[in-house]
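Undergrad: can't give you the sequence, but here's the structure:
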């Protein structure tokens, strides 16, 4: 087989008159009796070729046998098309190729779906035939983009003095690793490795080692229930540096994201990214990753409604909860009573017991709870919620988290449904001043909001033992359009402080030593101050490709039940393999 | 803390008179009573700083408290040294820094070993305190080199139109995957994922998908007994391309390796890499990855000695074995009788029952088996083995593989022990024309020498079913100085041929369909011809760093029993975790 001389999508009028050789897939075949037109596709694009008895009888005969997705090789002469035959939709639309040799390299069965940008095939079929799905032009573009983004990140970090250093995949499970994937050891009886949820400890040890600036684009694993924007394995841009403080990390990350926006969208972002405290984000958007492309902020009504007669509100206040309102401007005519009632089911999964609402009409508030508001209260409410006739008001009254979660989700739902979001915007946002720990009612102890190695803010250090709830972390999350792109923090680098932190999290001294003794000891050998950030590559690619599902930017993704529909992973293994690992599978559940 | 203004190793006379701020570790502290000299180290190198009462009393007081490996920050003025005080050994040897501020950032306990290029600490101690071991300058250099090599490879492949595409780590175990690491699924009862031994199938599917040129620098896993040059997890430069034939892949790989040699050693390799058939490599060097930096080739004596009276040789010939000789030139005076006898133990692990030998003296052959050679036979032997007085001859007579393995290993042993190897040489070599399959006596079936997707050579295709032993593969291994850097092949891309291959390997049609049905089906949709290569990154870095152990170029390696001595992985996990996975560990063996 002689080599191709060109790629399909790159042939222009420049080559008119030349002989070219191409290889590719038959995208389309039009048989006009004496003449057969084929669109041939390779990675670079499409070109139209023509087989006719005037050009070459033998080639026409071959073309007669090919069907969609046959792999063929052709030789022919590039010919300019008549003006009226020009196809402006494709890059090669000004020419066609008159074929005098056509070789069939491999045949194709009829396809389960067509290789086109928009497919109506179900996702299950697409995942089963992933190798065909990936032929579709928008998938090809997504992976070219992913490659370009990854390359840009590496070039940027390399240029900034960061060294890419690989860390192990076969690591140790820790008590904080409830969602670790485990790997049984064959050599060490009954023992397991864990796949890393992040290279956190290793990257900190690299700082102890004096590498100063480390990064890695690295696979991480988390065995948890999957959602549309989660995968059991995901790829992280993992960055850590000694002597860089919060402001340095933020500035570097902004520079990197701006470079990506410029390279992939030609967009020059100006100024620094907006910043918001965790407290503000929760209060205003009910979320620590607010989508700031639209307003519709949550309004605090706890004080305003402190004298309310409405039992639900009253109880919320009495049990130290909060009341928040959400104004769907002009919503009164957008939602029917039935649709409004259905929203109660929407907020229930967040723990809300119901969803109070009011319509604003010319002559006052209407709706089931309107009667609890006297005219003075009504006016104050309207004023606080910037409400005018035609608006529809929703209320959450419960524990803080329930109100945040339910109204935050409702806000996003309305934003999408009523088209309030400008999808051309890229709203980057730093969320800062996270709480260091939160109390876990089930575990009956404090757990780290980020991880146990996050540094408390200097000014809150004195509260670590007396009042952990009030300690803020030297941590930061990067948010884009309502998605968390990643996050990071300054780290603890002193043994004493790390021990205090473990103590706050309910570790005994023995537990801390058993699990993290090597890290505590490492901190005793002149460890430099350090911090970093980890960014989700999959999410970055998804958002820059303007997709809404991670599976569109992962070549061989898993389904929501962590299966691979193509290879049928996971699967059974042989008894020999299990015996070799000293394992037995417990009886099947009924 | 204000920022450092410079890196330690970069300060020269250019900065004389300037104030600089540095951070780093105390490499050395010399206390001359009134004056304290500190060598401060960061990633860039060392610089000497001076604290004295003339410069700053406070700083001297601080310097008095520091010890080796304390992390400090200093401010001072760059001063040119007196000519006689210049230290030519370090880049900053012409200056020193007069310190007027010294801040202690973190203290250090006394170290288990010194942070120096050559350490006499045991490897176990080095692995336990890996974070300190990695501070040693040669380790720092090794990982800078690794970063540079990785970057060069990526830039090269990107420039050549290859897209880096990630493939899954949680994949399916196959019957060929006896050495798979397994990962139990929490969701799918009793089922397992397997960590990939290579992304072989996925990269082929990416070719089916039309990506044409794929690469990935990717972690792979193999659960096998470990040797000095193996690790349970290793990193592979994985390359696959459609429409590239063997010659294209070889040419591209040579170009890449030449670029690496130039970038890392300033060495311009000329001409194409040497090529050798598998058969030649085995016959001449007893190895499919010969170290061609020295001669001492194996000499075939099967025909020469066909009339031998020596029973061992006679039996070997009668049972269709071979006889090979090895001439240790001048060896008669190098090895004592006792040392020669001890070599029998050396060859035993390779299956050899003994090791016959002869000394060549002025008056003929000497040694236990000399009596079996009449003068005519002696002369023929000396002629064939290019032997002259003073030489020491060794013989292997057994099944082919036993002779190859034992004499091949002996040759390497002599090469190293008697300093026959020019360690400045980089001998790249292609080994080609591998057998496609070999018969596995234990499994009583043929197994693929590379893997079941390797394409048979076109001219041997007709032998696939009748005479599999004689079929050569369209496969190639790249060897450097006796190490296999990697290998690849052209792949099967037709369902029918792939099915024949599985049949040759003893798969029933059902087994083939169950395990690889999706691949067989993929081949039916216009799959392009494709092939590729996978190179071991760890080995490349090891050889270019001129190290002899992979652990010197892997940041956190495992020991020979696949343990991490620092984190104590693998380890026990909680009963809850096991229950969650529906697993139980079988009773401890006694």
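TA: Sure, I can see it. Quick caveat, the model's predicted, so the values are computed rather than measured.

Undergrad: in chain A, which residue sits furthest out from the middle?
TA: Of all residues in chain A, residue A:54 has its C-alpha farthest from the mean position, at 54.7 Å, by Cα atoms, centre = their mean.

Undergrad: against residue A:159, how distant is that one?
TA: Distance of residue A:54 to residue A:159, computed by Cβ to Cβ, to the nearest Å: 57 Å. (Glycine included, C-beta is placed from N, CA and C.)

Undergrad: kindly report the same for residue A:452.
TA: 33 Å.

Undergrad: burial measure for the residue of the stretch 401-550 of chain A found nearest chain B, as a count.
TA: Going by Cβ to the nearest Cβ, chain B is nearest to residue A:526 of the stretch 401-550 of chain A, at 3.7 Å. Neighbours of residue A:526 under the rule other Cβ atoms under 10 Å in any protein chain shown: 28.

Undergrad: ok, now which ones touch it?
TA: Listed by Cβ atoms under 8 Å, 6 or more residues apart in numbering or on different chains, the contact set of residue A:526 reads B:25, B:26, B:69, B:70, B:71, B:106, B:107, B:108.

Undergrad: now do the nearest residue to it once chain neighbours are set aside: how many residues are near it, please.
TA: By the measure of Cβ to Cβ, 6 or more residues apart in numbering or on different chains, the closest residue to residue A:526 outside its immediate chain neighbours is residue B:108, 3.7 Å from it. The local packing count at residue B:108 equals 18, with neighbours defined by other Cβ under 10 Å.

Undergrad: go on, the one 3 residues further on?
TA: Counted with other Cβ under 10 Å, residues neighbouring residue B:111 total 16.

Undergrad: gap between it and chain A?
TA: Look at residue B:111 and chain A: by Cβ to the nearest Cβ, to the nearest Å, they are 7 Å apart.

Undergrad: can you tell me which residues contact that residue?
TA: Per Cβ under 8 Å, 6+ apart, neighbours of residue B:111: A:525, B:68, B:69, B:132.

Undergrad: dump those residues into CSV; add secondary structure and pLDDT as well.
TA: CSV is the format used below for those (DSSP: H, G, I helix; E, B strand; the rest coil; pLDDT from 0 to 100):
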residue, secondary structure, pLDDT
A:525, strand, 97
B:68, coil, 95
B:69, coil, 96
B:132, helix, 97
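
Undergrad: count the neighbours of residue A:434 for me.
TA: A total of 24 residues lie near residue A:434 under the criterion other Cβ under 10 Å.

Undergrad: just residue A:150 next, same as before
TA: Taking other Cβ under 10 Å as the neighbour definition, residue A:150 ends up with a count of 22.

Undergrad: how close does it get to residue A:215?
TA: Looking at residue A:150 against residue A:215, where the rule is Cβ to Cβ, the gap reads 12 Å.

Undergrad: and for residue A:96?
TA: Between residue A:96 and residue A:215 the distance, using Cβ to Cβ, works out to 48 Å.

Undergrad: cool, and residue A:472?
TA: Computed with Cβ to Cβ, the distance linking residue A:472 and residue A:215 is 27 Å.

Undergrad: neighbour count winner among these two?
TA: Neighbours were tallied for residue A:472 and for residue A:215 using other Cβ under 10 Å; the higher tally belongs to residue A:215 (25 against 19).

Undergrad: got the angle for the helix or strand hosting that one vs strand B:213-221?
TA: Taking DSSP states H and E as the definition, one finds residue A:215 inside strand A:213-221. Direction vectors for strand A:213-221 and strand B:213-221, defined by axes from the mean of the first three to the mean of the last three Cα atoms, to 10 degrees, enclose an angle of 80 degrees.

Undergrad: parallel or antiparallel, list what pairs with strand A:213-221.
TA: Looking at strand A:213-221 with DSSP bridges, its partner strands are strand A:163-164 (parallel), strand A:233-242 (antiparallel).

Undergrad: residues in contact with residue A:211?
TA: Residue A:211 makes contact with A:163, A:165, B:43, B:134, B:140, B:143, according to Cβ under 8 Å, 6+ apart.

Undergrad: show me which of those residues is closest to residue A:492.
TA: Looking at those and their distance to residue A:492, the nearest is residue B:134, at 20.3 Å (Cβ to Cβ).

Undergrad: is it true that that closest one touches residue B:555?
TA: Yes - when contacts are counted by Cβ atoms under 8 Å, residue B:134 is listed as touching residue B:555 (6.7 Å).

Undergrad: which residues do those two both contact?
TA: Common neighbours of residue B:134 and residue B:555, counting by Cβ under 8 Å, 6+ apart, are A:206, B:143.

Undergrad: so residue A:268 makes contact with residue A:260?
TA: No - the criterion here is Cβ under 8 Å, and residue A:268 misses it with residue A:260 at 11.9 Å.

Undergrad: between these two, who's got more neighbours?
TA: Set side by side, residue A:268 and residue A:260 show unequal neighbour counts under other Cβ under 10 Å, the larger going to residue A:260 at 20 against 8.

Undergrad: correct me, but the more buried one touches residue A:545?
TA: No - contact status for residue A:260 versus residue A:545: not in contact, 11.8 Å apart, counting by Cβ under 8 Å.

Undergrad: do I have it right that residue A:389 meets residue A:359?
TA: No - using Cβ under 8 Å, residue A:389 is not in contact with residue A:359, being 9.1 Å away.

Undergrad: overlap of the contact sets of these two?
TA: The contact lists of residue A:389 and residue A:359 share residue A:332, where a contact means Cβ under 8 Å, 6+ apart.

Undergrad: have a look at the two and say which one is more surrounded.
TA: Counted by other Cβ under 10 Å, residue A:389 and residue A:359 do not tie: residue A:359 has more neighbours, with 21 against 13.

Undergrad: number of nearby residues for the nearest residue to residue A:580 once chain neighbours are set aside?
TA: Sequence neighbours aside, residue A:186 is the residue nearest to residue A:580 in space, at 5.7 Å (criterion: Cβ to Cβ, 6+ apart). By the other Cβ under 10 Å criterion, the neighbourhood of residue A:186 contains 19 residues.

Undergrad: what pLDDT does residue A:186 get?
TA: Among the per-residue scores, residue A:186 holds a pLDDT of 89.

Undergrad: so which residues on the stretch 1-150 of chain A come close to chain B?
TA: Proximity of the stretch 1-150 of chain A to chain B, by Cβ under 8 Å from any Cβ of the partner chain, involves residues A:1, A:3-4, A:23, A:25-26, A:41-43, A:69-71, A:105-109, A:111, A:128, A:130-132, A:134-135, A:139-140, A:143-144, A:146-147, A:150.
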